[in-house]
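Sharing a model prediction with you, sequence too.
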Amino acid sequence: MMEQPFGMDEAAFRAFYEGTRQSLWSYIIRSLRDTTRADDVFQESYVRFIQSSAGTLEPAQQRAYLFRTASNLLVDLYRKQKRLQPMSAEAEQMHTDSYDRSSHAMDVRHDVGKAFDQLTSQERSLLWLAYVEEYPHREIAGMLKVKEKSVKVLLFRAKRHLLQIAENIGLR
């Protein structure tokens with residue numbers, strides 16, 4: 001196979017894609033809660049990866065580059081959405097009330113999802129990257145374009161905010 005301009009041949013890219021697609025999709029869909037927009041961000045993340053020279057990086061750096069790209073796209077999308085249509089408190093309450101409470105386990109899952117939805121995009125990204133993807137603070141800082149020393153403080157605040165939201169909706 002012929003070497004691609006971005007530093008990976010087709011087989012290497014397929015292996016990279018298979019190794020990252022599930023975790024990247026989970027990260028994006030958890031942040032957006034909208035499959036149509038998540039599809040767009042997911043595809044654009046890989047397109048930008050291919051258009052860059054990231055294929056020449058070490059595997060861990062490639063993965064970090066891909067997640068940083070997705071994070072940047074999510075931030076851009078949230079900024080655009082915030083400018084165009086901020087969610088009113090009334091609409092947010094209607095969204096919150098729309099969850100079906102058919103069983104206790106389902107209630108808890110939905111309540112945690114509602115609490116997570118009320119976090120800012122940065123808080124969701126921080127918590128997801130740190131506790132689900134288990135990235136070190138240094139890599140999270142690079143992905144979210146914040147200082148490495150700030151990550152610990154921002155994570156503490158995000159956890160505290162999530163706990164406060166959880167308490168407000170009756171989770172303990």
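In hand now; what should we look at?

buried stuff in stretch 63-77?
Going by neighbour count (16 or more other Cβ atoms under 10 Å), the buried part of stretch 63-77 is 63-75, 77. C-beta here means a position set from N, CA and C on the backbone, and glycine is covered the same way.

Over to Leu127: give its phi and psi.
Main-chain torsions, Leu127, degrees, to the nearest 10: phi -60, psi -40.

ok, now which ones touch it?
Shown in contact with Leu127 (Cβ atoms under 8 Å, 6 or more residues apart in numbering): 116, 119, 155, 158-159, 162.

Low-confidence stretches in the protein?
Applying pLDDT under 70 to the chain flags residues 1-6, 82-112, 171-172.

sorry, back to before: for the contacts of Leu127, name the two members farthest from one another.
Phe116 and Leu155 (14.5 Å; Cβ to Cβ).

Domain-wise, how is the chain divided?
The chain breaks down by automatic domain parsing into domains covering 1-86, 87-172.

Figure out how far the first one is from the centre of its chain.
A distance of 11 Å separates the C-alpha centroid of domain 1-86 from that of its chain, computed with Cα atoms, centre = their mean, to the nearest Å.

what does stretch 119-133 give?
On the basis of Cα atoms, centre = their mean, stretch 119-133 sits 6 Å off its chain's mean C-alpha point.

can you redo the buried residues of stretch 63-77 as JSON lines with secondary structure?
Output for those, formatted as JSON lines (DSSP: H, G, I helix; E, B strand; the rest coil):
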{"residue": "Arg63", "secondary structure": "helix"}
{"residue": "Ala64", "secondary structure": "helix"}
{"residue": "Tyr65", "secondary structure": "helix"}
{"residue": "Leu66", "secondary structure": "helix"}
{"residue": "Phe67", "secondary structure": "helix"}
{"residue": "Arg68", "secondary structure": "helix"}
{"residue": "Thr69", "secondary structure": "helix"}
{"residue": "Ala70", "secondary structure": "helix"}
{"residue": "Ser71", "secondary structure": "helix"}
{"residue": "Asn72", "secondary structure": "helix"}
{"residue": "Leu73", "secondary structure": "helix"}
{"residue": "Leu74", "secondary structure": "helix"}
{"residue": "Val75", "secondary structure": "helix"}
{"residue": "Leu77", "secondary structure": "helix"}
